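Chemist: This is a predicted model, with the sequence first.
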Amino acid sequence: NLDHANHKLLYMSFNQSGTCVAVGTRNGYRIYNCEPFGRNIFSTDGGIGTVRMLFCTSLICLVGAGETPAFSPRRLKLWNTKTASSICELNFPTNILNVE
């Protein structure tokens, strides 16, 4: 039972090996395994406009977005999903448009 208004897609990307897909929504982020397909990791702490996964590790980059962002769209968080902790946070003078 998804509330489609809160789960509006803001961003989607594959990891470098193509084994996982990361999705940013108004309500958080989700990471899915591609084979077999299934949800692996998720958070519902606020809008995420960019979520990038480093290969098939527990390290992801997050940038806030949407009407109720998880944090500023000018802040980049390097997040460890296994320990649920921030490794690093970088603040920029303008909004972050993409992470490569």
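Modeler: Yep, that arrived. Numbers count the residues shown, from 1 in each chain.
Chemist: contacts and neighbour counts: CA atoms only from here.
Modeler: OK.
Chemist: Low-confidence bits of the protein, can you list those?
Modeler: 1-7 (pLDDT under 70).
Chemist: Can you tell me which residue is spatially central in it?
Modeler: By CA atoms, centre = their mean, the chain has its centre lying nearest to V51, at 2.9 Å.
Chemist: ok, that residue to E35 distance?
Modeler: 20 Å (CA to CA, to the nearest Å).
Chemist: Identify the residue spatially nearest to P73, adjacent ones excluded.
Modeler: G64 (4.6 Å; CA to CA, 6 or more residues apart in numbering).
Chemist: State the number of residues packed around the one you found.
Modeler: G64: 27 surrounding residues under other CA atoms under 10 Å.
Chemist: next one: phi and psi at it?
Modeler: phi -70, psi 160 (degrees, to the nearest 10).
Chemist: can I assume it is in contact with T50?
Modeler: Yes: using CA atoms under 8 Å, G64 is in contact with T50, at 7.1 Å.
Chemist: Whichever helix or strand Y11 is part of pairs with which strands, parallel or anti?
Modeler: Using DSSP states H and E, the element containing Y11 is strand 9-14. Using DSSP bridges, the strands paired with strand 9-14 are strand 20-25 (antiparallel).
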